[in-house]
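> Fold the following for me, if possible:
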Amino acid sequence: MSSKNVAITVKGLSKKYEIYEKPIDRLKQTLTQGRKQYYREFEALRNIDFEVERGQTFGIVGQNGSGKSTLLQILAETLTPTTGKVSINGRIAALLELGSGFNPEYTGRENVYLNASILGVSKEEIERRFKEIEEFADIGEFIDQPVKNYSSGMYVRLAFAVAINVDADILIVDEALAVGDMFFQIKCYNKIDEFRKQGKTILLVTHDLGSVIKYCDNVLVLNRGESLGIYPAKEAVDIYKKVVVNLHKAKGEDKVINEIVQPLDSWKEFYQKNKDLLEYGDDGAVIFDYGIFDDNNEVTSVLNKGENFTVRMKVKFMRAIKSPIFAFTLKDLKGTEIAGTNTMLENATLDIVETNQVIEISFEQNLSLQGGNYLLSLGCTGFENGEFVVYHRLYDVIAFQVVSSKNTVGYFDLDSKVKISAK
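Residues are numbered from 1 along each chain as shown. Now for the predicted structure:
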């Protein structure tokens, strides 16, 4: 490929950090001049290679700790790699950590000029563009207030407004859009669409896999500092879903995508434990295993909108119970209950369960939830002598994500069939 058609080239990129257990160890390391090592090395990135063509929207996905932020800081030239080479062909504007590049003591107006000068834009040029920046940020009189008084949303509004108005050839966006409100996000994504039509290059780093599928041409998948390869967006998301539930393993130089690292004894081992889990009941029964399964019957925490999924749980009864009720509930991250059902509502009942008996329950349904992050709660309850009894409940036991390439209003997609006729 001609170098004229390449916006970014990365070859053999690695980044190592020195981790000291105690502050005094750093001093000891300095005094011994390297004769003795008082630190351990942490390799945030290992031998990363990729190219981004001009005009591409290039995605980078990976779990927290995979090296995404380190890579972006190197591309934005705010961090120096340990080894390897980065070539940038064009002016780059990076919207990285919230408000990075802002001086909290300066006003918004002053920070616009400061950020622009860092990006190599002259004062005269930014003066011509200032009205557009101010209108896009839409923070009113706060433009002349110190940014230390800003909300997180105001930071993002102003930072994004500057980044898109400095005539950059390459725009890097790292999760920042998740902070703004819905209408601002729509405005930002419309601007990204405009950038794409202008043939500009965009690097998009986000946990919103729906945006990855909708906007990205190719996607780099990172896992624990290593590249798992570059793939078309849909394929990259499928690979990332396997990484999330530990179904991916790198073997030497070979990348084995569908290999289960080690058979697990239970479904719940796939999920990170919620430290704020609310659990209670009278110990009449115990929900000892649970999981969410996609339409391929694989345990997962990432689901595609429009496909079938199944909620499963296993319950052991510590005493004989008549007509137990099994339930699940879905909530958003604010705690709002969105949907749920139980075996009583579904007319799927048991007469009596004996002591030490194990019951497996499955709820299968189609997923019409809007893309986003949600929480799953599980319960086993019943009635004894006319009184409602909770045997075991697990609130917010699984966090999961819904991936959607189609935005709708509210929680559910109405799946409307639209007809437009000219008369």
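
> Show me the longest strand that occurs in the protein.
In the chain, assigned by DSSP state E, the strand with the most residues is strand 387-403.

> Would you tell me what the next helix or strand after the lowest-mean-pLDDT helix or strand in the chain is?
Least confident helix or strand, the chain: strand 254-256 with a mean of 39, by mean pLDDT, DSSP states H and E. Remark: after strand 254-256, the chain's next helix or strand is strand 278-280, criterion DSSP states H and E.

> That next one packs against which elements?
Packing contacts for strand 278-280, counted by 3 or more Cβ pairs under 8 Å, 6 or more residues apart in numbering; DSSP states H and E, involve strand 387-403. The way it works is simple: take the backbone N, C-alpha and C, and place the C-beta from them, glycine included.

> any idea of the mean pLDDT for the strand it packs on?
Mean pLDDT, strand 387-403: 94.

> Note down every partner strand of that strand and its orientation.
Using DSSP bridges, the strands paired with strand 387-403 are strand 278-280 (antiparallel), strand 302-304 (parallel), strand 372-384 (antiparallel).

> Relative to the whole chain's centre, how far out is stretch 26-45?
Put simply, stretch 26-45 sits 33 Å off its chain's centre (Cα atoms, centre = their mean, to the nearest Å).

> Give me the contacts around that stretch.
Here stretch 26-45 makes contact (Cβ atoms under 8 Å, 6 or more residues apart in numbering) with 13-21, 25, 67, 70-71, 74, 81, 225.

> Could you rerun that using 10 Å?
Residues from elsewhere that reach stretch 26-45 (Cβ atoms under 10 Å, 6 or more residues apart in numbering): 10, 13-22, 24-25, 65-71, 73-74, 79, 81-84, 222, 224-227.

> Just the buried positions in that stretch, please.
Buried residues in stretch 26-45, counted by 16 or more other Cβ atoms under 10 Å: 29, 38, 44, 45.

> give me the element the last one is part of.
Assigned by DSSP H and E, residue 45 belongs to strand 40-53.

> and the next element down the chain from that strand?
Counting by DSSP H and E, what follows strand 40-53 is strand 57-61.

> What pairs with that following strand, parallel or antiparallel?
Taking DSSP bridges as the criterion, strand 57-61 forms sheet pairs with strand 201-205 (parallel), strand 218-223 (parallel).

> any chance of the ones you listed in JSON lines, with mean neighbour count, distance to residue 422 and mean pLDDT too?
Shown next, in JSON lines, are those (neighbours: other Cβ atoms under 10 Å; distance: least, Cβ to Cβ, whole Å; pLDDT from 0 to 100):
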{"stretch": "strand 201-205", "mean neighbour count": "23", "distance to residue 422": "36", "mean pLDDT": "91"}
{"stretch": "strand 218-223", "mean neighbour count": "23", "distance to residue 422": "39", "mean pLDDT": "94"}
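
> Mind putting these into CSV with distance to residue 272?
Below are the strands paired with strand 57-61 laid out as CSV (distance: least, Cβ to Cβ, whole Å):
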stretch, distance to residue 272
strand 201-205, 21
strand 218-223, 16
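
> Could you list the low-pLDDT ranges of the stretch 101-250 of the chain?
Filtered on pLDDT under 70, the stretch 101-250 of the chain yields the residue ranges 101, 175-182, 245-250.

> where along it do the helices fall?
108-118, 123-137, 152-163, 182-197, 209-215, 233-244 (DSSP state H, counting those that start in this stretch).

> from the contacts of stretch 26-45, which ones fall inside strands?
Counting by DSSP E, the part of those found in strands is 10, 13-19, 83-84, 222, 226-227.

> Pull out the buried members of those.
Taking 16+ other Cβ under 10 Å as the criterion, what is buried in the ones in strands among the contacts of stretch 26-45 is 10, 13, 14, 15, 84, 222, 226, 227.

> what two of those are the furthest from one another?
Across these, the longest distance by Cβ to Cβ is 14.8 Å; it joins 84 and 222.

> strand partners of the strand holding residue 45, parallel vs antiparallel please.
If you go by DSSP bridges, strand 40-53 pairs up with strand 6-19 (antiparallel).

> so for the partner strand, what's the average pLDDT?
Averaging pLDDT along strand 6-19 gives 92.

> picking up where we left off before, looking at the ones in strands among the contacts of stretch 26-45, spot the one nearest residue 360.
Closest approach between the ones in strands among the contacts of stretch 26-45 and residue 360, by Cβ to Cβ: residue 222, at 36.2 Å.

> List the contacts of the closest one.
Here residue 222 is in contact with 45, 48, 60-63, 65-68, 70-71, 205, 228, 240, 243 (Cβ under 10 Å, 6+ apart).

> what does residue 351 give?
Applying Cβ under 10 Å, 6+ apart to residue 351 gives the contacts 322, 323.

> I'd like to know how far it sits from residue 117.
Counting by Cβ to Cβ, to the nearest Å, the gap from residue 351 to residue 117 is 76 Å.

> Quick one: residues contacting the nearest residue to residue 239 once chain neighbours are set aside.
Using Cβ to Cβ, 6 or more residues apart in numbering and skipping the chain neighbours, the partner closest in space to residue 239 is residue 221 (5.3 Å). Contact analysis of residue 221 by Cβ under 10 Å, 6+ apart lists 59-62, 66, 227-231, 235-240, 242-243, 248, 255, 257.

> Can you select the buried ones from these in PyMOL?
Buried members of these, defined by 16+ other Cβ under 10 Å, are picked up in PyMOL with:
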select buried, resi 59+60+61+62+66+227+228+230+231+236+237+238+239+240+242+243+248+255+257
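
> Could you give the number of residues near residue 310?
15 (other Cβ atoms under 10 Å).

> Dig out what it forms beta bridges with.
Applying DSSP bridges, one finds that residue 310 bridges with residue 293, residue 364.

> ok, it - contacts?
Residues in contact with residue 310 (Cβ under 10 Å, 6+ apart) are 291, 292, 293, 294, 295, 297, 299, 362, 363, 364, 365.
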